[in-house]
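Undergrad: test case, fold it:
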Amino acid sequence: MGPLPVRLSLFWRTFLLIAVVVAASLLAWLQLFRAAELQPRAERFAWEIASIVNLTRAGLVSASGTARIDLLGALARNEGIQVLPAEPTDRAGAWPDERFGAPFEAKLRELLGPETRLAASVNNDAGLWIRFEIDDDPYWMLLDPARIERQTNRNWIGWIGIAVGLATAGALLISRVVNRPLADLARAFERLARGEPPTPLREDAPTELAAVNRRFNRMAADLAALEQDRAEALAGISHDIRTPLTRLRMEIEMSPVDTATRDSMADEIDRIDAIIRQFGEFAQPASARQTERVDVGDTLESVLDGFRNGPDSATLDVVATVVPDVSWIGTPTALERIVANLVENARRYGAGADGRARVEIAARRVGRGIELTVRDRGPGVPPDQLERLTRPFTRLDTERNRHGGSGLGLAIVARLARRHAGELRLELPADGGLLARVRLSDGHA
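TA: A predicted model of the protein is given here:
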């Protein structure tokens, strides 16, 4: 199986699409502009050179003797213009830029006569050479090459770079404006998935987005009300059930039954009380508790001490492996619940053939959070049942009567993990047992 393809976010897809369209438009515009302005630019330059040639020719024709020599010297010193007689043996090199040279030479011939010729070099001497006639005698005029360079310079490259930069900035801004409502909606869904109340979305957006935001806000409010009603109902049921359980416990203690029967009845009451407590934990809504830096090692040892000194310590072996100085930014109560539920689940269902549950728990830093692993050496579960185990009130049929659990332990862990931007994954190691892997991100309450 090959590597997964890289998927770009909607923001970057929108940005790339806008950037490509703008860049293609700029390049097309540049080609059209260059093609449209080439002919006028060549003709303007031809008018300029023709004026120089005509002025020079008129000055040379009107001057004579030493005055002509002085004029040629002044042109060379002040304007960089040299006038040389043309010889039949002169070797003239063609102008290299045919796109600019052809219309330039054509316009020169139109202005100066058909004998006019443009050359890039004469007798291997490079420059801007113009061949013209004075009184039917051929001459070469050598001009400063900077004149032609100013006409064929690449200043447009700088301008197109500035235009592309501005277009890229505009594409980023447009992508940001277009995708911000969707990003806000995604963050609101993420908070809702963690069980946290999302920030109400703006309802003064464009029509389509306003309709979506309005429906989401209504849905979030309905879910919050439903969550509150469920929490209040379960709290009331828990209170109403625990009150007669307390009276029943007192009556058992005072009843004239043997000790074994009394202990058995007390255990059943404790089991019912534990199930009710798990119902309350599962239904408890997310609260915006203040996060703090939690020492993971100390928290694990505190929870595990309760198991090691509890009533089931004789059938439970727990080994903890924590990298030194591992900390997590979150709520200590959530971490305690996660560890306690995972160890309790391993104690209930991970016992070996000798009736003892051997649990291995480890914690380490992973990225911007921590990873907890809790493994037992029990019989494990069928692979097709792994996904069901994290659903509320789900127990395997073979465990229903034997362990009497509520089926909420792993569901509570999964919910707490989601509230802390993490996840719970169940795995079946090759050498048996069940491994629970929990990841929790920093900074979520």
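Undergrad: which SS class is E227?
TA: Secondary structure, DSSP: H, G, I helix; E, B strand; the rest coil: E227 is helix.
Undergrad: count the residues that sit near it.
TA: 16 (other Cβ atoms under 10 Å). Using the backbone N, CA and C atoms, a C-beta is placed for each residue, glycine as well.
Undergrad: what does R391 give?
TA: R391 is flanked by 12 other residues according to other Cβ under 10 Å.
Undergrad: now swap in D136 and tell me
TA: D136, neighbours per other Cβ under 10 Å, totals 6.
Undergrad: correct me if wrong: G101 contacts L118.
TA: Yes - assessed by Cβ atoms under 8 Å, G101 is found in contact with L118 at 6.1 Å.
Undergrad: residues in contact with the closest residue to A417 other than its chain neighbours?
TA: Nearest residue to A417 in three dimensions, chain neighbours excluded: L424, at 4.8 Å (Cβ to Cβ, 6 or more residues apart in numbering). Going by Cβ atoms under 8 Å, 6 or more residues apart in numbering, L424 touches T390, L410, V413, A414, A417, A436, R437, V438.
Undergrad: in a markdown table, list the residues you listed along with pLDDT and secondary structure.
TA: Below are those laid out as a markdown table (pLDDT from 0 to 100; DSSP: H, G, I helix; E, B strand; the rest coil):
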| residue | pLDDT | secondary structure |
| --- | --- | --- |
| T390 | 79 | helix |
| L410 | 85 | helix |
| V413 | 87 | helix |
| A414 | 86 | helix |
| A417 | 87 | helix |
| A436 | 91 | strand |
| R437 | 93 | strand |
| V438 | 93 | strand |
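Undergrad: any of the residues you listed buried? List them.
TA: T390, L410, V413, A414, A417, A436, V438 (16 or more other Cβ atoms under 10 Å).
Undergrad: hmm, back to that, for the residue nearest to A417, name its beta-bridge partners.
TA: Beta-bridge pairing for L424 (DSSP bridges): V438.
Undergrad: ok, back up a step: so for G101 and L118, which residue has more residues nearby?
TA: More crowded of G101 and L118, by other Cβ under 10 Å: L118, with 21 against 18.
Undergrad: one step back: distance check, the residue nearest to A417 against G409.
TA: 11 Å (Cβ to Cβ, to the nearest Å).
Undergrad: which residues in the stretch 151-300 of the chain form strands?
TA: Assigned by DSSP state E, counting those that start in this stretch, the stretch 151-300 of the chain shows strands spanning 292-295.
Undergrad: G432 in helix, strand or coil?
TA: For G432, the assignment made with three-state DSSP gives coil.
Undergrad: per-residue confidence for it?
TA: pLDDT, G432: 84.
Undergrad: surely D317 and R358 touch.
TA: Yes - between D317 and R358 there is a contact under Cβ under 8 Å: 4.7 Å.
Undergrad: those two: who's more crowded?
TA: R358 (19 against 14).
Undergrad: let me see the contact set for that one.
TA: D317, V319, G350, G352, D376, R377.
Undergrad: what about the helix or strand it falls within, average pLDDT?
TA: Using DSSP states H and E, R358 falls within strand 357-365. Strand 357-365 shows a mean pLDDT of 90.
Undergrad: strand partners (parallel or antiparallel) of the helix or strand just after it?
TA: As assigned by DSSP H and E, the chain's next helix or strand after strand 357-365 is strand 369-376. Paired strands of strand 369-376, with direction, are strand 357-365 (antiparallel), strand 434-441 (antiparallel) (DSSP bridges).
Undergrad: could you check the first one and say which residues are buried?
TA: Same thing as strand 357-365. So strand 357-365, judged by 16+ other Cβ under 10 Å, has buried residues A357, R358, V359, E360, I361, A362, A363.
Undergrad: the third one against A320, yeah?
TA: This means V359. No - under the criterion of Cβ under 8 Å, V359 is not in contact with A320, lying 9.1 Å apart.
Undergrad: now for G101 and L118: what residues contact both?
TA: With Cβ under 8 Å, 6+ apart as the test, G101 and L118 both reach W95.
Undergrad: from I81, how far out is the residue of the chain most remote from its centre?
TA: Residue farthest from the centre of the chain, counting by Cα atoms, centre = their mean, is G65 at 81.5 Å. From G65 across to I81, the span is 20 Å (Cβ to Cβ).
Undergrad: and R131, by the same measure?
TA: Using Cβ to Cβ, R131 is found at 14 Å from I81.
Undergrad: swap in I269?
TA: From I269 to I81 the distance is 116 Å (Cβ to Cβ).
Undergrad: ok, now V326?
TA: Separation of V326 from I81 (Cβ to Cβ): 84 Å.
Undergrad: who has more neighbours, these two?
TA: Taking other Cβ under 10 Å, V326 and I81 do not tie; I81 has more neighbours (20 against 16).
Undergrad: show me what contacts the more buried one?
TA: Shown in contact with I81 (Cβ under 8 Å, 6+ apart): I52, T56, L75, M141, L142, L143, D144.
Undergrad: give me the pLDDT value at the first one.
TA: It refers to I52. Predicted confidence (pLDDT) for I52: 83.
Undergrad: quick one: it and L143 touch, right?
TA: Yes - with contact defined as Cβ under 8 Å, I52 reaches L143; the gap is 7.4 Å.
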